[in-house]
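Novice: what follows is a protein structure lacking sequence information:
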């Protein structure tokens, strides 16, 4: 049982490049979410999903896309990276919207 | 959106001292959670609180769900060097989890 896994652990992008941050969980959790963490800002919700095929926007969704084709995977896509997206990204999952979220180890992204 | 005010922002304490931090909100929450984050790692759940007035312990950690459902505190007793990290509160109501900005704890041996 690996829990919540994220890849890559580190990534450097140039402005305008696109990439996908991967998140997977093997706990059969329905609820998955993406947060970004910036110094002094805590964790801010980007997008979330209450189940396969259903996604919704969080507090800071602009510049990011998500999809949820399976229960296990919840990738986060940056279509055209900007320096303002330099951050640490965390994926989390829980049994339901009321469940206890468990976090992955994070992806540290730098956009130059 | 909902905001959580977490204080203090940072603390420097001597090993063996007790620590207290708290979170307040303008909104009512049904669940309060406390997480700890070590450098380079994701947040790890410490304590979950589900009922107003609830007091829950996990080893040297004690947390309480405020009676008004708008606040929570976390106490750490007899701090040790491995308590160093960032502590986050999080509240859950009818919307997705909202996080405080964290309390950075430094322990001086």
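Specialist: All right, it came through fine. As the structure is a computational prediction, the values presented were derived from the model and not from experiment. Numbers count the residues shown, from 1 in each chain, chains lettered A, B, ... in the order given.
Novice: what strands flank the helix or strand of chain B with the lowest mean pLDDT, and is each parallel or antiparallel?
Specialist: Between all helices and strands in chain B, the lowest mean by mean pLDDT, DSSP states H and E belongs to strand B:98-99, at a mean of 91. Paired with strand B:98-99 in the same sheet, following DSSP bridges, are strand B:85-92 (antiparallel).
Novice: now the partner strand: average pLDDT?
Specialist: If you average the pLDDT over strand B:85-92, you get 95.
Novice: swap in stretch A:88-98?
Specialist: 92.
Novice: next structured bit after the longest strand belonging to chain A?
Specialist: Secondary structure of chain A read by DSSP state E shows that its longest strand is strand A:42-51. Sequence-wise, the next helix or strand downstream of strand A:42-51 (DSSP states H and E) is strand A:54-57.
Novice: what helices or strands is that next one leaning on?
Specialist: Contact analysis of strand A:54-57 by 3 or more C-beta pairs under 8 Å, 6 or more residues apart in numbering or on different chains; DSSP states H and E lists strand A:42-51 as its packing neighbours. No exception for glycine: its C-beta is placed from N, CA and C like everyone else's.
Novice: quick one: strands adjacent to the strand it packs on?
Specialist: Sheet neighbours of strand A:42-51, with direction, are listed as strand A:31-38 (antiparallel), strand A:54-57 (antiparallel) (DSSP bridges).
Novice: how much space between the residue nearest the centre of chain A and residue A:46?
Specialist: Residue closest to the mean C-alpha point of chain A, counted by C-alpha atoms, centre = their mean, is residue A:34 at 3.2 Å. In this structure, residue A:34 and residue A:46 are 4 Å apart, going by C-beta to C-beta, to the nearest Å.
Novice: ok, back up a step: the residue nearest to the centre of chain A touches residue A:66, doesn't it?
Specialist: Yes - the pair formed by residue A:34 and residue A:66 meets the contact definition of C-beta atoms under 8 Å, at 6.7 Å.
Novice: what residues does chain A put near chain B?
Specialist: For chain A, the contact set with chain B under C-beta under 8 Å from any C-beta of the partner chain comprises A:4, A:33, A:35, A:40-45, A:48, A:58-59, A:90, A:97-98, A:100-106.
Novice: swap in 10 Å and give it another go.
Specialist: Where proximity means C-beta under 10 Å from any C-beta of the partner chain, the interface of chain A facing chain B comprises A:3-4, A:6, A:9, A:31, A:33, A:35, A:37-45, A:47-48, A:50, A:56, A:58-60, A:88, A:90-92, A:94, A:97-106, A:108.
Novice: right, and residue B:71 touches residue B:63 too?
Specialist: No - with contact defined as C-beta atoms under 10 Å, residue B:71 does not count as touching residue B:63 (11.3 Å).
Novice: now do the contacts for the residue nearest to the centre of chain A.
Specialist: When the contact criterion is C-beta atoms under 10 Å, 6 or more residues apart in numbering or on different chains, the partners of residue A:34 are A:6, A:21, A:23, A:44-49, A:55, A:58, A:60-61, A:64, A:66, A:74-76, A:89-92, A:104, A:107.
Novice: ok, now residue A:41?
Specialist: Contacts were defined as C-beta under 10 Å, 6+ apart; by that measure residue A:41 touches A:60, A:87, B:99, B:101, B:102.
Novice: what do you get if the cut-off is 7 Å, keeping everything else the same?
Specialist: residue B:101 (C-beta atoms under 7 Å, 6 or more residues apart in numbering or on different chains).
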